[in-house]
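# The amino acid sequence is not available; the structure is as follows:
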Ligand SMILES: Nc1ncnc2c1ncn2[C@@H]1O[C@H](COP(=O)(O)OP(=O)(O)OP(=O)(O)O)[C@@H](O)[C@H]1O
């Protein structure tokens, strides 16, 4: 990681959505070798933060405001895909069900959502796509029609789509939404392996139980502010989460994973 240019630097940032100022004087710095989980109640500002990172939203240009991704002030995630790969489940809808699934990955090399008949790919590009599908555990499904894949398999193709650019870090926007337990666990295991092999990860989720044990930092958002930021066991604590969500919660750790339930189970 270049110490001068962390993945994300926000200082004195105001972010507006319509007439609503979601972030005010917001500050957050994330290094590109960190594995960070971001949680918070509905309306906390998670999507706003993601849209800020993807460049869909911008911080207001005020004196003193710093908003940089990999040291760039006005970035386009398209241009930074070799640094930060995005997995956003809603993108799964954007592909032709009759296209071979490998098109999800190959078309990313052209910044497109699907392969058109004018696209040509070199041997090296096909090898990169194969390597990305291998990492995501879907190489054997490359030739299957995309429309015949399960949600979990499609999610892994989205991961391969991000990995084909060999990014240093990944931004995962609720990547296990609507996946069953086995598919979620399989996805989490792949991400764990990526963290272990040195990738930075920014994982936005509602579910503490899916935060990989390799995660080094947890950030809790509430009402557009950072409510807590620190080591997982300090932040994902019964008292902190009870205060965040406004109800008594009990945290239990097992196998490096955090499980949250009501403080006193119903009779
Ligand atoms: N298009 C919009 N116009 C105005 N306000 C918005 C808009 N989108 C979101 N907001 C507001 O911004 C705040 C943060 O919303 P955001 O979607 O970032 O929260 P979130 O943490 O992602 O929530 P959720 O968990 O429900 O997805 C909320 O108060 C929300 O009502």
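On my side now, so go ahead. As the structure is a prediction and not an experimental result, all values here were calculated from the model.
# and the helix or strand harbouring residue 258, what other elements does it pack with?
Residue 258 is part of strand 257-262 when elements are defined by DSSP states H and E. Under the contact definition 3 or more C-beta pairs under 8 Å, 6 or more residues apart in numbering; DSSP states H and E, strand 257-262 sits against strand 249-254. C-betas here are computed from N, CA, C, even on glycine.
# what packs against the strand it packs on?
Contact here means 3+ C-beta pairs under 8 Å, 6+ apart; on that basis strand 249-254 packs against helix 238-245, strand 257-262.
# ok and the strand holding residue 258 relative to strand 249-254, angle-wise?
150 degrees (axes from the mean of the first three to the mean of the last three C-alpha atoms, to 10 degrees).
# Any buried residues in strand 257-262, and which?
258, 260 (16 or more other C-beta atoms under 10 Å).
# For the helices and strands packed on strand 249-254, could you give me TSV that also reports distance to residue 143 and mean pLDDT?
Conversion of the helices and strands packed on strand 249-254 to TSV gives the following (distance: least, C-beta to C-beta, whole Å; pLDDT from 0 to 100):
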stretch	distance to residue 143	mean pLDDT
helix 238-245	45	96
strand 257-262	35	94
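# who wins for proximity to residue 109 among the ones you listed?
strand 257-262 (35.0 Å; C-beta to C-beta).
# Now do the nearest residue to residue 214 once chain neighbours are set aside, the pLDDT please.
In this structure, residue 214 finds its nearest non-sequential neighbour in residue 195, 4.3 Å apart by C-beta to C-beta, 6 or more residues apart in numbering. Residue 195 carries a pLDDT score of 95 in this model.
# how would you label residue 195: helix, strand or coil?
Applying DSSP: H, G, I helix; E, B strand; the rest coil to residue 195 yields a three-state assignment of helix.
# Which residues are in contact with it?
35, 201, 212, 214-215 (C-beta atoms under 8 Å, 6 or more residues apart in numbering).
# Ok, residue 17 next?
Counting by C-beta under 8 Å, 6+ apart, residue 17 has contacts 48, 57.
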